[in-house]
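Chemist: I would like to see how this sequence folds:
(one chain, ligands or ions: 1)
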Amino acid sequence: MPFELNPSSAARLLDFFRGRRDGIVALTRALCERESPSGDLEGSRAVVDLLARASSETAAITSVERIPAPEDYGEHLRLHAFGDGASAERTLLILGHTDTVHARGSLAERPWRESDGRIFAPGVFDMKASCAVALEALRACVELEMQPRRPVVLLLTCDEETGSLSGRELVEEEARRAESVLVLEPPAPDGSVKTKRKGTGMFSLRAEGRAAHAGLEPEKGVSAVLEMARQIERLHALSDSSLGTTVNVGVVCGGTRSNVVPAEARAEIDVRFGTLAEAHRIEREIVGLVPFDSRAKLSVSGGINRPPLERTPAVAALYERARGLAAMLGFALGEASVGGASDGNFAAACGAAVLDGLGIEGDGAHATHEHIRAESIVPRGALLAALVASL
Ligand SMILES: [Zn+2]
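Modeler: A predicted model of the protein is given here:
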(Lines give C-alpha, C1' and ligand atoms only; values in the text may rest on other atoms or scores of the structure.)
Protein backbone atom coordinates (compact mmCIF):
# COMPACT_ATOMS: atom_id res chain seq x y z
CA MET A 1 0.00 0.00 0.00
CA PRO A 2 1.49 3.39 -0.93
CA PHE A 3 2.74 5.35 2.04
CA GLU A 4 0.63 8.23 3.30
CA LEU A 5 1.78 10.53 6.04
CA ASN A 6 -0.97 10.92 8.63
CA PRO A 7 -0.88 11.93 12.30
CA SER A 8 -0.05 8.42 13.48
CA SER A 9 2.66 7.67 10.89
CA ALA A 10 4.10 11.17 11.49
CA ALA A 11 4.37 10.41 15.21
CA ARG A 12 6.03 7.04 14.51
CA LEU A 13 8.50 8.67 12.13
CA LEU A 14 9.47 11.34 14.66
CA ASP A 15 9.82 8.64 17.34
CA PHE A 16 12.09 6.63 15.08
CA PHE A 17 14.43 9.60 14.58
CA ARG A 18 14.35 10.43 18.31
CA GLY A 19 15.52 6.88 18.96
CA ARG A 20 18.24 7.13 16.31
CA ARG A 21 19.43 10.64 17.15
CA ASP A 22 22.49 9.54 19.12
CA GLY A 23 23.50 7.10 16.39
CA ILE A 24 23.22 9.86 13.77
CA VAL A 25 25.34 12.19 15.90
CA ALA A 26 27.95 9.44 16.39
CA LEU A 27 28.22 8.78 12.63
CA THR A 28 28.33 12.53 11.94
CA ARG A 29 31.16 12.90 14.41
CA ALA A 30 33.11 10.04 12.87
CA LEU A 31 32.63 11.63 9.43
CA CYS A 32 33.78 15.05 10.66
CA GLU A 33 36.79 13.55 12.38
CA ARG A 34 37.99 12.27 9.05
CA GLU A 35 38.93 15.46 7.25
CA SER A 36 38.01 15.41 3.57
CA PRO A 37 38.88 18.66 1.82
CA SER A 38 38.26 18.42 -1.96
CA GLY A 39 41.13 16.64 -3.67
CA ASP A 40 42.36 14.79 -0.57
CA LEU A 41 42.27 11.14 -1.68
CA GLU A 42 43.00 9.64 1.71
CA GLY A 43 40.36 11.77 3.44
CA SER A 44 37.78 11.07 0.75
CA ARG A 45 38.37 7.32 1.05
CA ALA A 46 38.15 7.40 4.85
CA VAL A 47 34.76 9.12 4.72
CA VAL A 48 33.49 6.82 1.98
CA ASP A 49 34.69 3.81 4.05
CA LEU A 50 32.50 4.92 6.94
CA LEU A 51 29.46 5.57 4.77
CA ALA A 52 29.89 2.28 2.90
CA ARG A 53 30.10 0.40 6.20
CA ALA A 54 27.00 2.14 7.54
CA SER A 55 25.23 1.32 4.27
CA SER A 56 25.95 -2.38 4.66
CA GLU A 57 23.87 -2.29 7.85
CA THR A 58 20.90 -0.85 5.98
CA ALA A 59 18.67 -3.55 4.51
CA ALA A 60 17.16 -1.37 1.78
CA ILE A 61 20.51 -0.67 0.13
CA THR A 62 21.04 -3.11 -2.70
CA SER A 63 24.31 -1.84 -4.12
CA VAL A 64 27.24 0.30 -3.04
CA GLU A 65 29.54 1.66 -5.75
CA ARG A 66 32.75 3.53 -5.08
CA ILE A 67 33.67 5.45 -8.20
CA PRO A 68 37.24 6.81 -8.30
CA ALA A 69 37.50 10.39 -9.55
CA PRO A 70 40.32 10.94 -12.08
CA GLU A 71 43.80 11.89 -10.92
CA ASP A 72 43.40 10.46 -7.42
CA TYR A 73 41.04 13.30 -6.54
CA GLY A 74 38.80 11.16 -4.33
CA GLU A 75 35.90 8.73 -4.54
CA HIS A 76 32.29 9.34 -5.47
CA LEU A 77 29.77 7.09 -3.74
CA ARG A 78 26.61 5.83 -5.40
CA LEU A 79 24.04 3.70 -3.55
CA HIS A 80 20.94 2.04 -4.90
CA ALA A 81 18.06 1.31 -2.55
CA PHE A 82 14.62 -0.22 -2.99
CA GLY A 83 15.63 -1.51 -6.42
CA ASP A 84 18.84 -2.45 -8.19
CA GLY A 85 19.02 0.49 -10.54
CA ALA A 86 18.74 -1.78 -13.57
CA SER A 87 15.05 -1.19 -14.25
CA ALA A 88 13.85 1.53 -16.57
CA GLU A 89 11.64 2.94 -13.83
CA ARG A 90 12.22 6.59 -13.02
CA THR A 91 14.07 7.05 -9.75
CA LEU A 92 14.15 9.33 -6.77
CA LEU A 93 17.63 10.86 -6.50
CA ILE A 94 19.11 12.07 -3.22
CA LEU A 95 22.13 14.24 -3.95
CA GLY A 96 24.97 15.31 -1.70
CA HIS A 97 28.74 15.55 -1.40
CA THR A 98 31.43 14.27 0.95
CA ASP A 99 34.10 16.90 0.33
CA THR A 100 34.48 20.05 2.41
CA VAL A 101 36.22 23.40 1.98
CA HIS A 102 38.17 22.96 5.22
CA ALA A 103 41.89 22.27 4.79
CA ARG A 104 43.50 19.40 6.66
CA GLY A 105 44.44 20.61 10.14
CA SER A 106 41.20 22.59 10.62
CA LEU A 107 39.93 19.86 12.93
CA ALA A 108 42.91 20.25 15.27
CA GLU A 109 42.15 23.98 15.48
CA ARG A 110 38.42 23.56 15.80
CA PRO A 111 37.63 20.09 17.16
CA TRP A 112 34.12 18.63 17.49
CA ARG A 113 32.30 20.65 20.13
CA GLU A 114 28.73 20.57 21.40
CA SER A 115 27.44 23.63 23.16
CA ASP A 116 23.99 25.11 23.71
CA GLY A 117 22.33 22.68 21.34
CA ARG A 118 24.76 23.46 18.58
CA ILE A 119 27.39 21.11 17.20
CA PHE A 120 30.52 22.67 15.77
CA ALA A 121 32.98 20.89 13.47
CA PRO A 122 34.53 21.59 10.05
CA GLY A 123 32.10 20.32 7.39
CA VAL A 124 29.33 19.34 9.82
CA PHE A 125 26.72 21.65 8.22
CA ASP A 126 27.99 21.40 4.64
CA MET A 127 27.26 18.54 4.78
CA LYS A 128 28.41 15.57 6.80
CA ALA A 129 25.47 15.54 9.23
CA SER A 130 23.13 15.45 6.25
CA CYS A 131 24.99 12.48 4.70
CA ALA A 132 24.44 10.57 7.96
CA VAL A 133 20.76 11.56 8.05
CA ALA A 134 20.23 10.44 4.45
CA LEU A 135 21.28 6.88 5.32
CA GLU A 136 19.01 6.99 8.34
CA ALA A 137 16.07 8.12 6.20
CA LEU A 138 16.51 4.97 4.07
CA ARG A 139 16.64 2.85 7.21
CA ALA A 140 13.47 4.51 8.52
CA CYS A 141 11.66 3.53 5.32
CA VAL A 142 12.58 -0.14 5.92
CA GLU A 143 11.95 -0.29 9.62
CA LEU A 144 8.65 1.56 9.51
CA GLU A 145 7.57 -0.33 6.38
CA MET A 146 7.22 2.83 4.36
CA GLN A 147 7.88 1.35 0.93
CA PRO A 148 9.04 4.12 -1.45
CA ARG A 149 7.15 4.38 -4.72
CA ARG A 150 10.32 4.38 -6.79
CA PRO A 151 13.84 3.02 -6.73
CA VAL A 152 16.06 5.39 -4.75
CA VAL A 153 19.59 6.48 -5.70
CA LEU A 154 21.84 8.24 -3.19
CA LEU A 155 24.76 9.97 -4.91
CA LEU A 156 27.48 11.61 -2.82
CA THR A 157 30.16 13.25 -4.95
CA CYS A 158 33.67 14.16 -3.79
CA ASP A 159 34.32 17.36 -5.78
CA GLU A 160 31.26 19.57 -5.36
CA GLU A 161 33.11 22.33 -3.56
CA THR A 162 35.50 22.77 -6.48
CA GLY A 163 32.89 22.86 -9.25
CA SER A 164 32.12 19.12 -9.72
CA LEU A 165 34.64 18.57 -12.50
CA SER A 166 34.11 14.80 -12.57
CA GLY A 167 31.02 14.61 -10.34
CA ARG A 168 28.97 16.63 -12.80
CA GLU A 169 28.70 13.76 -15.29
CA LEU A 170 27.38 11.41 -12.59
CA VAL A 171 24.93 14.02 -11.32
CA GLU A 172 23.60 14.58 -14.83
CA GLU A 173 23.44 10.86 -15.61
CA GLU A 174 21.37 10.21 -12.48
CA ALA A 175 19.26 13.37 -12.79
CA ARG A 176 18.16 12.35 -16.30
CA ARG A 177 16.68 9.13 -14.87
CA ALA A 178 15.13 10.82 -11.86
CA GLU A 179 11.57 11.96 -11.40
CA SER A 180 12.57 14.16 -8.46
CA VAL A 181 15.86 15.20 -6.92
CA LEU A 182 16.32 15.96 -3.21
CA VAL A 183 19.50 17.93 -2.51
CA LEU A 184 21.10 17.68 0.94
CA GLU A 185 22.74 21.14 0.83
CA PRO A 186 22.32 23.37 3.88
CA PRO A 187 19.01 25.22 4.11
CA ALA A 188 18.72 29.01 4.49
CA PRO A 189 19.42 30.28 8.04
CA ASP A 190 15.73 30.01 8.99
CA GLY A 191 15.53 26.43 7.70
CA SER A 192 13.91 27.31 4.38
CA VAL A 193 14.57 25.01 1.47
CA LYS A 194 15.91 26.46 -1.77
CA THR A 195 13.60 26.52 -4.77
CA LYS A 196 15.68 28.87 -6.87
CA ARG A 197 19.40 29.22 -7.28
CA LYS A 198 21.19 31.53 -9.62
CA GLY A 199 23.48 30.13 -12.24
CA THR A 200 27.09 31.25 -12.45
CA GLY A 201 29.51 32.23 -15.16
CA MET A 202 33.21 33.10 -15.04
CA PHE A 203 34.83 35.14 -17.76
CA SER A 204 38.23 36.64 -18.29
CA LEU A 205 38.65 39.68 -20.55
CA ARG A 206 41.99 40.72 -21.98
CA ALA A 207 42.65 44.06 -23.64
CA GLU A 208 45.66 44.59 -25.85
CA GLY A 209 46.91 48.06 -26.79
CA ARG A 210 50.30 49.44 -27.76
CA ALA A 211 53.09 50.60 -25.45
CA ALA A 212 54.65 54.05 -25.87
CA HIS A 213 56.56 56.64 -23.81
CA ALA A 214 53.95 58.45 -21.77
CA GLY A 215 55.83 61.77 -22.04
CA LEU A 216 57.62 61.77 -25.39
CA GLU A 217 55.11 60.24 -27.78
CA PRO A 218 51.92 59.19 -26.02
CA GLU A 219 50.01 59.60 -29.30
CA LYS A 220 51.75 56.48 -30.62
CA GLY A 221 50.40 54.41 -27.73
CA VAL A 222 47.06 52.70 -27.25
CA SER A 223 46.16 52.38 -23.59
CA ALA A 224 44.86 48.93 -22.71
CA VAL A 225 44.00 50.21 -19.22
CA LEU A 226 41.80 52.99 -20.58
CA GLU A 227 40.15 50.52 -22.93
CA MET A 228 39.51 48.17 -20.00
CA ALA A 229 38.13 50.98 -17.81
CA ARG A 230 35.57 51.79 -20.50
CA GLN A 231 34.68 48.11 -20.93
CA ILE A 232 34.16 47.75 -17.16
CA GLU A 233 31.43 50.41 -17.29
CA ARG A 234 29.85 48.53 -20.15
CA LEU A 235 30.10 45.18 -18.32
CA HIS A 236 28.49 46.47 -15.13
CA ALA A 237 25.70 47.98 -17.20
CA LEU A 238 24.77 44.44 -18.32
CA SER A 239 23.42 43.78 -14.79
CA ASP A 240 19.64 43.75 -14.52
CA SER A 241 18.43 43.81 -10.95
CA SER A 242 14.82 43.24 -11.98
CA LEU A 243 15.86 39.85 -13.38
CA GLY A 244 18.49 39.12 -10.73
CA THR A 245 21.34 39.31 -13.23
CA THR A 246 24.61 40.58 -11.78
CA VAL A 247 27.93 41.23 -13.43
CA ASN A 248 30.90 41.88 -11.18
CA VAL A 249 34.39 42.73 -12.38
CA GLY A 250 36.23 41.45 -9.34
CA VAL A 251 39.86 41.57 -10.42
CA VAL A 252 41.61 44.05 -12.71
CA CYS A 253 45.24 44.33 -13.59
CA GLY A 254 47.24 45.99 -16.30
CA GLY A 255 50.19 48.16 -17.21
CA THR A 256 53.83 48.06 -16.18
CA ARG A 257 54.97 51.55 -15.10
CA SER A 258 53.30 54.92 -14.70
CA ASN A 259 55.42 56.47 -17.50
CA VAL A 260 54.47 53.83 -20.06
CA VAL A 261 51.20 53.76 -22.01
CA PRO A 262 49.96 50.31 -20.95
CA ALA A 263 49.91 47.65 -23.64
CA GLU A 264 47.94 45.10 -21.67
CA ALA A 265 45.11 44.78 -19.15
CA ARG A 266 43.03 41.91 -17.82
CA ALA A 267 39.77 41.60 -15.88
CA GLU A 268 38.09 38.65 -14.11
CA ILE A 269 34.32 38.71 -14.27
CA ASP A 270 31.74 36.88 -12.14
CA VAL A 271 28.26 36.61 -13.61
CA ARG A 272 25.06 35.42 -11.86
CA PHE A 273 21.71 34.90 -13.56
CA GLY A 274 18.27 33.56 -12.75
CA THR A 275 17.35 32.18 -16.16
CA LEU A 276 19.15 30.49 -19.00
CA ALA A 277 17.88 33.22 -21.32
CA GLU A 278 19.76 35.79 -19.25
CA ALA A 279 22.85 33.55 -19.21
CA HIS A 280 22.85 33.48 -22.99
CA ARG A 281 22.22 37.22 -23.27
CA ILE A 282 25.21 37.97 -21.03
CA GLU A 283 27.41 35.45 -22.80
CA ARG A 284 26.55 36.95 -26.21
CA GLU A 285 27.26 40.46 -24.95
CA ILE A 286 30.61 39.59 -23.37
CA VAL A 287 31.83 37.50 -26.29
CA GLY A 288 30.70 40.26 -28.67
CA LEU A 289 32.42 43.18 -26.89
CA VAL A 290 33.89 45.64 -29.41
CA PRO A 291 36.82 47.94 -28.50
CA PHE A 292 36.05 51.66 -28.01
CA ASP A 293 39.41 52.42 -29.62
CA SER A 294 39.57 50.52 -32.89
CA ARG A 295 43.34 50.11 -32.50
CA ALA A 296 42.85 48.04 -29.32
CA LYS A 297 42.10 44.32 -29.32
CA LEU A 298 39.86 42.35 -26.94
CA SER A 299 39.81 38.64 -26.23
CA VAL A 300 37.45 36.70 -23.98
CA SER A 301 37.79 33.31 -22.33
CA GLY A 302 35.58 31.38 -19.90
CA GLY A 303 31.82 30.97 -20.03
CA ILE A 304 28.76 29.72 -18.20
CA ASN A 305 29.73 27.38 -15.35
CA ARG A 306 26.48 26.29 -13.68
CA PRO A 307 23.04 26.75 -15.22
CA PRO A 308 20.37 28.29 -12.97
CA LEU A 309 18.00 26.24 -10.86
CA GLU A 310 14.74 27.80 -11.94
CA ARG A 311 11.54 27.70 -9.90
CA THR A 312 9.55 25.78 -12.48
CA PRO A 313 5.98 24.60 -11.78
CA ALA A 314 7.47 21.13 -11.01
CA VAL A 315 9.86 22.65 -8.45
CA ALA A 316 7.02 24.65 -6.88
CA ALA A 317 4.85 21.51 -6.69
CA LEU A 318 7.69 19.59 -5.04
CA TYR A 319 8.08 22.35 -2.48
CA GLU A 320 4.33 22.28 -1.77
CA ARG A 321 4.54 18.54 -1.11
CA ALA A 322 7.45 19.06 1.28
CA ARG A 323 5.67 21.93 3.02
CA GLY A 324 2.60 19.75 3.59
CA LEU A 325 4.69 16.89 4.99
CA ALA A 326 6.62 19.26 7.26
CA ALA A 327 3.36 20.73 8.59
CA MET A 328 2.19 17.25 9.49
CA LEU A 329 5.52 16.66 11.24
CA GLY A 330 4.92 19.82 13.25
CA PHE A 331 7.01 22.51 11.61
CA ALA A 332 6.72 25.27 9.03
CA LEU A 333 8.97 24.90 5.98
CA GLY A 334 9.70 28.10 4.08
CA GLU A 335 11.32 28.53 0.69
CA ALA A 336 14.19 30.75 -0.35
CA SER A 337 15.90 31.96 -3.50
CA VAL A 338 19.69 32.30 -3.35
CA GLY A 339 22.61 33.50 -5.42
CA GLY A 340 24.95 30.56 -4.77
CA ALA A 341 24.92 27.47 -7.00
CA SER A 342 25.12 23.76 -6.14
CA ASP A 343 24.96 20.40 -7.92
CA GLY A 344 21.19 20.96 -7.79
CA ASN A 345 21.76 23.42 -10.65
CA PHE A 346 23.18 20.68 -12.90
CA ALA A 347 20.31 18.35 -11.95
CA ALA A 348 17.69 21.01 -12.73
CA ALA A 349 19.21 21.65 -16.16
CA CYS A 350 18.51 17.96 -16.96
CA GLY A 351 14.80 18.63 -16.53
CA ALA A 352 14.29 16.99 -13.12
CA ALA A 353 12.18 18.60 -10.37
CA VAL A 354 14.75 19.64 -7.78
CA LEU A 355 14.26 20.58 -4.14
CA ASP A 356 17.48 21.92 -2.63
CA GLY A 357 18.47 22.89 0.91
CA LEU A 358 17.00 19.82 2.59
CA GLY A 359 20.01 19.40 4.90
CA ILE A 360 20.14 19.76 8.66
CA GLU A 361 19.72 23.31 9.95
CA GLY A 362 22.69 25.33 11.14
CA ASP A 363 24.89 28.19 10.11
CA GLY A 364 28.39 29.20 9.05
CA ALA A 365 28.92 26.96 6.02
CA HIS A 366 32.57 27.26 4.88
CA ALA A 367 33.34 29.48 7.91
CA THR A 368 35.11 28.84 11.20
CA HIS A 369 31.84 28.89 13.17
CA GLU A 370 30.24 26.20 10.97
CA HIS A 371 27.68 24.28 13.05
CA ILE A 372 24.38 22.44 13.03
CA ARG A 373 21.43 22.80 15.39
CA ALA A 374 21.08 19.40 17.03
CA GLU A 375 17.34 19.82 17.59
CA SER A 376 16.75 19.89 13.84
CA ILE A 377 18.09 16.35 13.29
CA VAL A 378 14.77 14.73 14.23
CA PRO A 379 12.33 16.87 12.21
CA ARG A 380 14.59 17.22 9.14
CA GLY A 381 15.37 13.49 9.17
CA ALA A 382 11.67 12.68 9.41
CA LEU A 383 10.89 15.08 6.55
CA LEU A 384 13.54 13.51 4.33
CA ALA A 385 12.22 10.00 5.05
CA ALA A 386 8.64 11.11 4.38
CA LEU A 387 9.71 12.61 1.04
CA VAL A 388 11.64 9.48 0.08
CA ALA A 389 8.62 7.32 0.85
CA SER A 390 5.98 9.44 -0.80
CA LEU A 391 7.46 10.98 -3.97
ZN1 LIG B 1 27.68 21.85 0.02
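
Chemist: now the stretch 151-300 of the chain against the ion: closest residue?
Modeler: When distances are taken as C-beta to the ion, the stretch 151-300 of the chain reaches nearest to the ion at Glu185, 4.9 Å away. To be clear about C-beta, it is placed using only N, CA and C from the backbone, and glycine gets the same treatment.

Chemist: residues contacting the closest residue to that residue other than its chain neighbours?
Modeler: In this structure, Glu185 finds its nearest non-sequential neighbour in Ser342, 4.9 Å apart by C-beta to C-beta, 6 or more residues apart in numbering. Taking C-beta atoms under 8 Å, 6 or more residues apart in numbering, we find Ser342 in contact with 160, 183, 185, 197, 309, 356.

Chemist: what does the helix or strand hosting Val247 contact?
Modeler: Following DSSP states H and E, the helix or strand that holds Val247 is strand 246-254. Contacts to strand 246-254, defined as C-beta under 8 Å, 6+ apart, come from residues 207, 224-225, 228, 232, 235-236, 238-239, 262, 264-273, 282, 339.

Chemist: how far off centre is that strand?
Modeler: Here strand 246-254 shows a centroid-to-chain-centroid distance of 24 Å under the convention C-alpha atoms, centre = their mean, to the nearest Å.

Chemist: what comes up buried for that strand?
Modeler: Taking 16 or more other C-beta atoms under 10 Å as the basis for neighbour counts, the residues of strand 246-254 that come out buried are 246-247, 249, 254.

Chemist: now do the residue of the stretch 51-200 of the chain found nearest the ion against His76, distance only.
Modeler: Distance from the ion to each residue of the stretch 51-200 of the chain (C-beta to the ion) is smallest for Asp126, at 4.1 Å. Asp126 sits at a distance of 17 Å from His76 (criterion: C-beta to C-beta, to the nearest Å).

Chemist: compare these two (neighbour count), which wins?
Modeler: Residue environment comparison for Asp126 versus His76 gives the larger neighbour count to Asp126, 29 against 25, counting by other C-beta atoms under 10 Å.

Chemist: quick check: phi and psi at the residue nearest to the more buried one when sequence neighbours are not counted.
Modeler: The spatial neighbour of Asp126 that comes closest, neighbours along the chain excluded (C-beta to C-beta, 6+ apart), is Ala365 at 4.0 Å. Its backbone dihedrals place Ala365 at phi -50, psi 140, with angles given as degrees, to the nearest 10.

Chemist: show the end-to-end separation of stretch 152-172, please.
Modeler: Taking C-alpha to C-alpha, to the nearest Å as the measure, stretch 152-172 stretches 16 Å from start to finish.

Chemist: is the ion contacted by that stretch?
Modeler: No - using C-beta under 5 Å from the ion as the criterion, no contacts between stretch 152-172 and the ion are found, and the smallest distance is 5.7 Å.

Chemist: rounded mean pLDDT for that stretch, please.
Modeler: Mean per-residue pLDDT for stretch 152-172: 95.

Chemist: can you mark which positions in it are buried?
Modeler: Of the residues in stretch 152-172, those with enough neighbours to count as buried (16+ other C-beta under 10 Å) are 152-161, 164, 166-168, 170-172.

Chemist: OK, contacts around Cys158?
Modeler: With contact taken as C-beta under 8 Å, 6+ apart, Cys158 is in contact with 36, 38, 44, 48, 69, 73-77, 97-99, 167.

Chemist: and with 6 Å instead?
Modeler: For Cys158, the contacting residues are 44, 69, 74-76, 98-99, taking C-beta atoms under 6 Å, 6 or more residues apart in numbering as the criterion.

Chemist: pLDDT weak spots in this protein?
Modeler: Counting by pLDDT under 70, the chain contains low-confidence ranges at 1, 85.

Chemist: write out the residues of the chain neighbouring the ion.
Modeler: Applying C-beta under 5 Å from the ion, we find that the chain lies next to the ion at 126, 185.

Chemist: show me the chain divided up by domain.
Modeler: Structural domains annotated on the chain: 7-197+308-390, 199-306, as defined by automatic domain parsing.

Chemist: mean neighbour count, these: which tops it?
Modeler: Per-stretch averages of neighbours, counted by mean count of other C-beta atoms under 10 Å, single out domain 7-197+308-390 among the domains of the chain, with a mean of 20.

Chemist: spatially central, which residue of this structure would that be?
Modeler: When the chain is reduced to its mean C-alpha position, the nearest residue by C-alpha atoms, centre = their mean turns out to be Ser342, at 2.2 Å.

Chemist: against Gly167, how distant is the residue of the stretch 251-391 of the chain found nearest the ion?
Modeler: At 6.2 Å from the ion, Ser342 is the closest residue in the stretch 251-391 of the chain, using C-beta to the ion. When C-beta to C-beta is the yardstick, Ser342 and Gly167 sit 11 Å from each other.

Chemist: hang on, the earlier thing: determine which two of the contacts of Ser342 are furthest apart.
Modeler: Maximum pairwise distance in the contacts of Ser342, criterion C-beta to C-beta, is 14.2 Å, between Glu160 and Leu309.

Chemist: name the helices or strands packed onto the longest helix along the chain?
Modeler: The helix that spans the most residues within the chain, counting by DSSP state H, is helix 7-32. Packing partners of helix 7-32 (3 or more C-beta pairs under 6 Å, 6 or more residues apart in numbering; DSSP states H and E): helix 41-56, helix 129-143, helix 377-390.
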